[in-house]
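Trainee: Coordinates only, no sequence provided:
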């Protein structure tokens, strides 16, 4: 840190507000269920965050989902930003927990806080709010060039907010993403990308007993394609294609006229993402290319492949490594360990921003375990330290361009 006295004052401000204000805000957010597709619930939880953001002097711009499936996304901003460049602080208000699970309450046992979304990632949202509050306390009137971006659809792949990120990207100098912290406080710089594809095969129905020879079995054709898809998996390259759902036919005594499957694709590099997409496009044009002994009647099927890359890979770049290197001393000064996290298999909104050319580091929320499970918990001491680290970083580095 360049100013140890400023850092000490910021850490003291975070500590002073932690038990009296930050933990109660976390409890309030966790106690408001916000399953992604429960639009009204998500909006109520986001409204509580609106209040907290306004209390630290942030303006709020709401961005509607054109399909109206999801609650409004939020872009909170320091008034000094206007339409100019800023650092992005990124999170999401939605969770994977519907009301039907009955897992709806914040609970605390010493350092451990439990509840739906307590780790992924409502605690991270409070970290941003209270880091900015500490700055307002220690240096009132000081502008901080940040946008705090909070979306409502991250848990289902950000289908609506991806466009918003793309539009904002040219005005972002870097991005800190407050997904769950990792073991050893390591920082996420790489994540696999993912895609979701559906293969639909259309054949011809016929009575299996009287006219089997007149039918074109869509399930048979699809089975041949499944083998081709699965063979594209290459563990050495970090490429996996998983046919996870399959359906077809109408009755056991009818040659099935249609069948379809869903494919989960994962890849570590943009080049491999493009290779997978190209393979599937070619499969649609010529489903049985290179296969021998395909029954002639099956060559009459129609194959349609829909879907695409949902999140491109987040690859480590020189710019993202620079951002990590600048952030780490502030984390260390607050008692956190430092280092780069191994490649992560799941995606986040960091994938989207990185693909749009924004230097990103991720996993800056508190440490905990079991996100997406009812045993989910986070460490409150880790949350306090992450909040202090962010406050210190923003005080001295928010105006830096990491591109």
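Mentor: Received, thanks. Small disclaimer: the values here were computed from a predicted structure and weren't measured.
Trainee: so how many other residues sit close to residue 136?
Mentor: The tally of other residues near residue 136 (other Cβ atoms under 10 Å) stands at 15. Bear in mind the C-beta positions are built from the backbone N, C-alpha and C, glycine included.
Trainee: Mind listing residues that contact stretch 57-72?
Mentor: 36-37, 39-40, 42-43, 46, 50, 53-54, 73-79, 93-94, 132, 136, 148, 152-153, 160-161, 164 (Cβ atoms under 8 Å, 6 or more residues apart in numbering).
Trainee: For that stretch, which residues meet the burial criterion?
Mentor: 57-58, 60, 63, 65, 70-72 (16 or more other Cβ atoms under 10 Å).
Trainee: that older thread, if you look at the contacts of stretch 57-72, which of them are in helices?
Mentor: 39-40, 42-43, 46, 50, 53-54, 132, 136, 161, 164 (DSSP state H).
Trainee: May I see the ChimeraX selection of the buried members of these?
Mentor: The following ChimeraX line selects those of those that are buried, judged by 16+ other Cβ under 10 Å:
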select :39,42,43,46,50,53,132,161,164
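Trainee: Let me see the ranges of the helices in the stretch 301-403 of the chain.
Mentor: For the stretch 301-403 of the chain, the helices defined by DSSP state H, counting those that start in this stretch cover 318-333, 349-355, 380-397.
Trainee: And the most centrally placed residue in the chain, its phi and psi?
Mentor: Taking Cα atoms, centre = their mean, the centroid of the chain lies closest to residue 348, which sits 2.3 Å from it. Phi and psi for residue 348, reported as degrees, to the nearest 10, are phi -150, psi -180.
Trainee: so who does it touch?
Mentor: Residue 348 neighbours (Cβ under 8 Å, 6+ apart): 154, 177, 179, 188, 191, 311, 314, 362.
Trainee: try 10 Å
Mentor: Applying Cβ atoms under 10 Å, 6 or more residues apart in numbering to residue 348 gives the contacts 90-92, 120-121, 154, 158, 177-180, 188, 191, 311, 314, 354, 360, 362-363.
Trainee: before we move on, the earlier item: closest to residue 341 among the ones in helices among the contacts of stretch 57-72?
Mentor: Nearest to residue 341 among the ones in helices among the contacts of stretch 57-72 is residue 161, at 23.8 Å by Cβ to Cβ.
Trainee: And for the closest one, nearest residue in space, chain neighbours not counted?
Mentor: Of all residues not flanking residue 161 in the chain, residue 151 sits nearest, at 3.9 Å (Cβ to Cβ, 6 or more residues apart in numbering).
Trainee: Quick check: that neighbour touching residue 90?
Mentor: Yes - counting by Cβ atoms under 10 Å, residue 151 touches residue 90, with 8.2 Å between them.
Trainee: what bits of this protein have low per-residue confidence?
Mentor: 1 (pLDDT under 70).
Trainee: domain assignment for it?
Mentor: In terms of domains, the chain is parsed into 4-191+314-397, 193-311 (source: automatic domain parsing).
Trainee: Can you tell me which of those domains is packed in deepest?
Mentor: Mean neighbour count (mean count of other Cβ atoms under 10 Å) peaks for domain 4-191+314-397 among these, with a mean of 20.
Trainee: returning to that earlier point: keep only those of the contacts of residue 348 that are in strands.
Mentor: Those of the contacts of residue 348 mapping onto strands are 90-92, 177, 311, 360, per DSSP state E.
Trainee: for the stretch 151-300 of the chain, what spans make up the helices?
Mentor: Using DSSP H, counting those that start in this stretch, helices in the stretch 151-300 of the chain cover 161-168, 218-230, 270-285.
Trainee: Kindly state which of those helices is positioned closest to residue 24.
Mentor: helix 161-168 (28.0 Å).
Trainee: Need the residues that contact the closest one.
Mentor: Under Cβ under 10 Å, 6+ apart, the answer for helix 161-168 is 63-66, 70, 73, 75, 86, 88, 90, 92, 147, 149-154, 158, 172, 175, 310-311, 349, 351-353, 355-356, 358.
Trainee: circling back to that earlier point, would you reformat the helices of the stretch 151-300 of the chain as TSV and include distance to residue 102?
Mentor: What follows is the helices of the stretch 151-300 of the chain, written out as TSV (distance: least, Cβ to Cβ, whole Å):
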stretch	distance to residue 102
helix 161-168	29
helix 218-230	38
helix 270-285	39
